[in-house]
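Trainee: Provided below for reference: sequence and predicted model.
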Amino acid sequence: ILEFVKKQFPFRSCHLNLSDDNIRKKKHRVCLEYHLGNCKGPCQGLQSNEEYNEGVIKLSTLLKGHIQPLLTEWKNRVKELAENLQFEEAAKIQEKIFALEGYRSKSAVANMKSGTLDVFAMEKSKERFYVHYLATEEGNMIHTQTIILHEGLESTNEEILLFAIGQLRAEHQSNAKEIILSQSLNYPDIEIQITVPKAGEKLKLLELAIKNLKH
């Protein structure tokens, strides 16, 4: 993922302060990353703060799984450039579109219409509980994590699962309104829908989470 986004949105790996007056005076020199095409040289003032920050926002959006807005923006830009007979620039953006669509096809784990979902699988082994978390956005997997919890003296399986769900959703700042589980659960937030799928894309996601957990 990182290699893909670096090609689409070059960003710096140095720790220079981009508001440093030395940048305006061009006292810094571009490094190898600039020559490799992984950075546009903001340290030399070759890229404006506005352009750099815009790229960081788009990169963050992409990593969160929001791919379609970026595709729409690029396709509109290609159309605009073509209408102005700027075919060479249009071709460059079209290459980015092909790359992004290829990335989406490889990272997709469910139909785009599945929306934003949190999937949890839990299994007990001796005195430990293993809980796997899988988060999807627009059908793309954006987070996976497995945590280990020890059995409490008076805690039920449901209480342990509720604790794990709350901890993982808070850690990853999830705003998903639907949680996929293999069992029903009395979730304290009435705005959150708990789904125990029997077929379809959601069942496939649950099976993937269970497979990851066992692995």
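Mentor: Received the coordinates, thanks.
Trainee: alpha carbons only for contacts and neighbour counts from here, please
Mentor: OK.
Trainee: Report how many residues lie close to Ile57.
Mentor: 11 (other Cα atoms under 10 Å).
Trainee: What is the three-state secondary structure of it?
Mentor: helix (DSSP: H, G, I helix; E, B strand; the rest coil).
Trainee: Look up how far Leu70 lies from it.
Mentor: 11 Å (Cα to Cα, to the nearest Å).
Trainee: Same question for Met122.
Mentor: For Met122 relative to Leu70 (Cα to Cα), the value is 35 Å.
Trainee: One more: Leu149?
Mentor: 39 Å.
Trainee: tell me, how many neighbours does Pro90 end up with?
Mentor: To be clear, residue 90 is Ala; Pro isn't right here. Neighbour tally, Ala90, other Cα under 10 Å: 20.
Trainee: Look up the pLDDT of it for me, please.
Mentor: Note for Ala90: predicted pLDDT of 89.
Trainee: okay but it is in contact with Glu83, surely?
Mentor: No. Counting by Cα atoms under 8 Å, Ala90 does not reach Glu83; the two are 9.7 Å apart.
Trainee: So which of Met122 and Leu70 has more stuff around it?
Mentor: The neighbour count for Met122 versus Leu70, taken as other Cα under 10 Å, is higher for Met122 (23 against 16).
Trainee: The residue nearest to the more buried one when sequence neighbours are not counted is in what secondary structure piece?
Mentor: Among residues not flanking Met122 along the chain, Val131 sits closest, at 4.4 Å (Cα to Cα, 6 or more residues apart in numbering). Element membership for Val131 (DSSP states H and E) is strand 128-137.
Trainee: Give me the sheet partners of that strand and which way each runs.
Mentor: strand 117-125 (antiparallel), strand 140-150 (antiparallel) (DSSP bridges).
Trainee: Please point out which parts of the last one sit buried.
Mentor: What it means is strand 140-150. Asn140, Met141, Ile142, Thr144, Thr146 (16 or more other Cα atoms under 10 Å).
Trainee: Same question for the first one.
Mentor: Within strand 117-125, the residues scored as buried using 16+ other Cα under 10 Å are Leu117, Asp118, Val119, Phe120, Ala121, Met122.
Trainee: Residue ranges in the chain under the pLDDT threshold?
Mentor: 1-7, 16, 18-27, 63-65, 104-114, 152-153 (pLDDT under 70).
Trainee: one more time with 50
Mentor: Residues of the chain meeting the criterion pLDDT under 50: none.
Trainee: Now do the longest helix anywhere in the chain and strand 140-150, the angle between them.
Mentor: Among the segments of the chain that qualify as a helix by DSSP state H, the longest is helix 87-107. Here helix 87-107 runs at an angle of 30 degrees relative to strand 140-150 (axes from the mean of the first three to the mean of the last three Cα atoms, to 10 degrees).
Trainee: Now do helix 87-107: distance to the chain's middle.
Mentor: In terms of Cα atoms, centre = their mean, to the nearest Å, the centre of helix 87-107 is found 18 Å from the chain centre.
Trainee: ok, the nearest residue to Leu213 once chain neighbours are set aside to Glu207 distance?
Mentor: Spatially, and ignoring its direct neighbours in sequence, Leu213 is nearest to His132 (5.5 Å; Cα to Cα, 6+ apart). According to Cα to Cα, His132 stands 11 Å off from Glu207.
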